[in-house]
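Colleague: Predicted model and sequence follow; I will ask about them next.
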Amino acid sequence: MSEIAFDMELNCQGLNCPLPILKTKKTVDAMKSGEVLKITATDPGSVNDMPSWARRTGNELIGQNEADGIHTFYVRKK
């Protein structure tokens, strides 16, 4: 997957549920509509949590991948 352009980056590596989601929410809340946040996480639960959170909040998950145990998500703020 090619790199998606993003406005902010959030490193949640080493954090376990629910911290990646809580930190993502706090960061997205401070962003402007249409901006993209890149999140990296090592918690395997984030693979299910991040898409579910995006759907629930109306934000758009525009990309996700995994490499060497690091999950990367791109979320566009609604």
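Modeller: Ah, there it is.
Colleague: quick one: what helix or strand has Thr27 in it?
Modeller: Here Thr27 sits within helix 19-29, counting by DSSP states H and E.
Colleague: Downstream of that helix, the next helix or strand is which one?
Modeller: Sequence order places strand 36-41 as the next helix or strand after helix 19-29, per DSSP H and E.
Colleague: quick check: angle from that next one to helix 19-29?
Modeller: Inter-element angle recorded for strand 36-41 and helix 19-29: 170 degrees (by axes from the mean of the first three to the mean of the last three CA atoms, to 10 degrees).
Colleague: Surely Ala69 is in contact with Asp43?
Modeller: Ala isn't right for residue 69; it's Gly. No - shown here, Gly69 and Asp43 do not form a contact pair, counting by CB atoms under 8 Å, at 10.2 Å. Bear in mind the C-beta positions are built from the backbone N, C-alpha and C, glycine included.
Colleague: quick one, which of the two is more surrounded?
Modeller: Neighbours per residue, other CB atoms under 10 Å: of Gly69 and Asp43, the larger number sits with Asp43, 19 against 9.
Colleague: phi, psi of Ala54?
Modeller: Here is the backbone geometry of Ala54 (degrees, to the nearest 10): phi -60, psi -50.
Colleague: What number of residues are in the vicinity of it?
Modeller: 20.
Colleague: quick check, distance from stretch 69-78 to the centre of its chain.
Modeller: The chain centroid and the centroid of stretch 69-78 are separated by 3 Å under CA atoms, centre = their mean, to the nearest Å.
Colleague: Tell me the spacing between the closest residue to Asn11 other than its chain neighbours and Pro51.
Modeller: Closest residue to Asn11 apart from its sequence neighbours, by CB to CB, 6 or more residues apart in numbering: Thr40 at 5.4 Å. Distance, Thr40 to Pro51, by CB to CB, to the nearest Å: 16 Å.
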